[in-house]
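Peer 1: when you get a sec, could you give me coordinates for this:
(one chain, ligands or ions: 2)
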Amino acid sequence: MLDLAIIGGGPAGLTAGLYATRGGLKDVIMFEKGMPGGQITLSSEIENYPGVEEVKTGMELMESWPRQCMRFGLVHKMEEVSRISQNSDKSFKVHTTGGKEYDAHSVLVCTGGRPKKAGFKGEDEFFGRGVSTCATCDGFFYKGKEVVVLGGGDTALEEALYLANICTKVYLVHRRDKFRASPATVERVKRSDKIEIILDSVVEEVKGDAGGVTAVVVARRDGEEKREISVPGIFTFVGYDVNNQVLFQESGEPLCALNEFGEVIVDLNMNTSVEGLFAAGDLRINAPKQVVCAAGDGATAAIGVISYCEKVKDH
Ligand code: FAD
Ligand code: NAP
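Peer 2: Ligands and ions are numbered 1, 2, ... in the order given. Presented below is the predicted three-dimensional model:
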C-alpha cells in the first residue's frame, strides 16, 4: 500500500512529491504520463518565477525539479491514470490505462488543464510566438505595444483590462454583439479609453514571420468588413478545460465534489470533499494558473497528506 499516489507531474505534483518524501512518507509514486514538468514546458519564456532572474524557457525552469525530488525517494512511473476509486476500507485504488492497479492511503490529483483553442489560421504555428493564452505570463512582453484579445467571457474582459494597464491599446474581438461577462466588468471595459471593442467579428488568421506575429485579420461575421490589425500579439480566452477525467467513476459520477466548470472544490489545505483525497494546481477552484501557485498548492497538499497518513496508519 502506497502512502501517497500523486497523479500528474507538473509543478504541483513535483513539489508535493518533494515535500511528501522529504517529510518522511516512504512509498510515494508520481504517475506522470509523459516527462515530468507539466504544461509550462511548452512555454518559450518564463520570467515570473521568484528567485529566477534570467528569462528561461519552461523546459529549462523545470529541468532540475524531478532530480531534486527523486533525491528524497520520489518514484516517477511513466503511466497514464485512467481512474481513481475508493476501496471499502477508505483507501484508494489508482487504475492505469495499461491495466495496472495500485492501492494508496491517500491520493493527490494535480492533472492540470488546458486553455481551449479558438481555431483560427496560424494559432498553432505562432503559439508562444505572439499567440498566448496567459496575460499574467506574457502581458509584460507587450509593454508599450498594441495587442488583440479574443473572447467575450469574464476571463477575456478581465484580461483585456489587465493588458490595458500594460499595453498602449487593446483590440477586444468578440463573435457576438453581447458579452457573456458580468455587466459590471463589461461596464469597466466600455469605460476604458485603451480598449477598442470589435463585436460580431471573428479572428480569421494571424500573420507573421520568423520573429513572430505581425498582424491579426479580423472579419465581421456578416462578411461586410475585413481588417488587418498590425499587432505583435493576440491573447485568446475562449474557455478552459480541466483534466478531471481520472475522478469520474464507472457510474459517471465524480469521486469528489466539482464545481459547474469541473474544477475540484478544495479547502485552503487542498482537501477535497473526500477524506484522504487531495487536489492541487490548475485543476482546483480559483486557481491563479501560475507555476508558483501550483508549486505552493503542492507543498500545502503534501503537508496535509503527511498528517493524514500519520492518522490512518495509527489506527
Ligand atoms: P500542469 O503543469 O498542467 O501538469 C499536469 C501534469 O499532469 C501534466 O504533465 C500532464 O501530463 C499530467 N497528467 C494529466 N493527466 C494525467 C493522467 N491521467 N495520468 C498521468 N498524468 C497526467 N505560469 C507562470 O507562472 N508563468 C508563465 O510565464 C507561464 N507561462 C505559460 C505559458 C504556456 C504556454 C502555458 C501552457 C502555461 C503557462 N503558465 C505559466 C501556467 C503554468 O504552466 C501552469 O499554471 C502550471 O503548469 C500548472 O501546474 P500543475 O502542476 O497544476 O499542472
Ligand atoms: P466562457 O465564459 O466560456 O467564455 C468564453 C468566450 O469565448 C465566450 O464569449 C465565447 O463566445 C467565446 N468563444 C468560445 N469559443 C470561441 C471561438 N472558437 N472563437 C471565438 N470566440 C469563442 O469562458 P471564461 O471567460 O474563461 O469563463 C469561464 C467561467 O469562469 C465563466 O462562468 C465565468 O463567469 C467564470 N469566470 C469568472 C470570473 C469572475 O467572476 N471574476 C473571472 C473569470 C472567469 P460566446 O459568448 O459567443 O459563447
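Peer 1: okay, CA-based contacts and neighbour counts for the rest of this
Peer 2: Will do.
Peer 1: now the strands: where do they sit in the stretch 201-315 of the chain?
Peer 2: Taking DSSP state E, counting those that start in this stretch as the criterion, the stretch 201-315 of the chain carries its strands at 201-209, 212-220, 226-230, 233-236, 240-242, 277-279.
Peer 1: would JSON lines of the ones you listed with mean neighbour count and mean pLDDT be doable?
Peer 2: What follows is the strands of the stretch 201-315 of the chain, written out as JSON lines (neighbours: other Cα atoms under 10 Å; pLDDT from 0 to 100):
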{"stretch": "strand 201-209", "mean neighbour count": "20", "mean pLDDT": "98"}
{"stretch": "strand 212-220", "mean neighbour count": "20", "mean pLDDT": "98"}
{"stretch": "strand 226-230", "mean neighbour count": "15", "mean pLDDT": "97"}
{"stretch": "strand 233-236", "mean neighbour count": "27", "mean pLDDT": "98"}
{"stretch": "strand 240-242", "mean neighbour count": "15", "mean pLDDT": "93"}
{"stretch": "strand 277-279", "mean neighbour count": "28", "mean pLDDT": "98"}
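Peer 1: quick one: closest of those strands to Y162.
Peer 2: strand 233-236 (11.7 Å; Cα to Cα).
Peer 1: sorry, back to before: output the strands of the stretch 201-315 of the chain as a markdown table; include the columns distance to ligand 2.
Peer 2: Putting the strands of the stretch 201-315 of the chain into a markdown table (distance: least, Cα to the nearest ligand atom, whole Å) gives the following:
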| stretch | distance to ligand 2 |
| --- | --- |
| strand 201-209 | 6 |
| strand 212-220 | 11 |
| strand 226-230 | 16 |
| strand 233-236 | 8 |
| strand 240-242 | 6 |
| strand 277-279 | 19 |
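Peer 1: D314: which of those strands is closest?
Peer 2: Ranking the strands of the stretch 201-315 of the chain by distance to D314, with Cα to Cα as the measure, places strand 277-279 first at 18.2 Å.
Peer 1: what helices and strands are in contact with that closest one?
Peer 2: Taking 3 or more Cα pairs under 8 Å, 6 or more residues apart in numbering; DSSP states H and E as the contact definition, the neighbouring helices and strands of strand 277-279 are strand 101-109, helix 291-314.
Peer 1: for the last one, give the mean pLDDT please.
Peer 2: Read that as helix 291-314. Per-region confidence: helix 291-314 scores 96 on mean pLDDT.
Peer 1: what's the angle between it and strand 101-109?
Peer 2: Angle between the axes of helix 291-314 and strand 101-109 is 130 degrees (criterion: axes from the mean of the first three to the mean of the last three Cα atoms, to 10 degrees).
Peer 1: look up how far Y49 lies from E158.
Peer 2: The spacing between E158 and Y49, counted by Cα to Cα, to the nearest Å, is 22 Å.
Peer 1: list of residues touching the one helix or strand in the chain whose mean pLDDT sits lowest?
Peer 2: Least confident helix or strand, the chain: helix 135-138 with a mean of 90, by mean pLDDT, DSSP states H and E. Taking Cα atoms under 8 Å, 6 or more residues apart in numbering as the criterion, the residues outside helix 135-138 that touch it are 46-48, 132, 159, 162-163, 235, 290.
Peer 1: perfect, that will be all.
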